[in-house]
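Chemist: let me see the structure of the following:
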Amino acid sequence: MKFLLPLLVLLSGCTFMASKEANVGCQVADAATTVIALKAGAVETNPIVASLIGSIGLGGFVVVKLALAYWLTTLPREREDDRNAH
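Modeler: Prediction:
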């Protein structure tokens with residue numbers, strides 16, 4: 001359990017990472033930690049995720065997260081000069 005807080009701190013920055021690979025890793029880690037926590041008796045507090053899990057179960061949730069991770073790898077990378085053009 002001592003590893004949980006540092007892991008949560010590391011994952012909290014996932015949304016802002018520029019790397020696709022890092023985002024994919026965060027999606028996979030989020031799915032894994034969610035499943036582990038729920039199986040240990042935790043309650044999902046995100047109403048969207050709770051509803052999703054209630055509808056399709058933990059296995060379906062993992063499939064959705066993996067599909068999202070795959071989709072993230074297929075997005076074209078934004079180039080630096082494209083970002084500066086706005």
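
Chemist: would you mind pulling up the elements that the top helix by length along the chain packs against?
Modeler: The longest helix of the chain (DSSP state H) is helix 47-74. When contacts are defined as 3 or more CB pairs under 8 Å, 6 or more residues apart in numbering; DSSP states H and E, helix 47-74 packs onto helix 20-39. No exception for glycine: its C-beta is placed from N, CA and C like everyone else's.

Chemist: what inclination does the helix it packs on have with respect to helix 47-74?
Modeler: Here helix 20-39 runs at an angle of 150 degrees relative to helix 47-74 (axes from the mean of the first three to the mean of the last three CA atoms, to 10 degrees).

Chemist: CA atoms of helix 20-39 as CSV?
Modeler: C-alpha atoms of helix 20-39 as CSV (Å, rounded to 0.1, in the frame of the first residue of the first chain):
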residue,chain,number,x,y,z
LYS,A,20,1.5,9.6,-26.8
GLU,A,21,3.4,6.7,-25.2
ALA,A,22,3.1,8.4,-21.7
ASN,A,23,-0.6,8.9,-22.2
VAL,A,24,-1.1,5.3,-23.2
GLY,A,25,0.9,4.2,-20.2
CYS,A,26,-1.3,6.3,-18.0
GLN,A,27,-4.5,4.9,-19.5
VAL,A,28,-3.3,1.4,-18.8
ALA,A,29,-2.1,2.3,-15.3
ASP,A,30,-5.4,4.0,-14.6
ALA,A,31,-7.4,0.9,-15.6
ALA,A,32,-5.2,-1.4,-13.6
THR,A,33,-5.3,0.7,-10.4
THR,A,34,-9.1,1.2,-10.8
VAL,A,35,-9.6,-2.6,-11.1
ILE,A,36,-7.3,-3.3,-8.2
ALA,A,37,-8.9,-0.7,-5.9
LEU,A,38,-12.4,-1.8,-6.7
LYS,A,39,-11.6,-5.4,-6.1
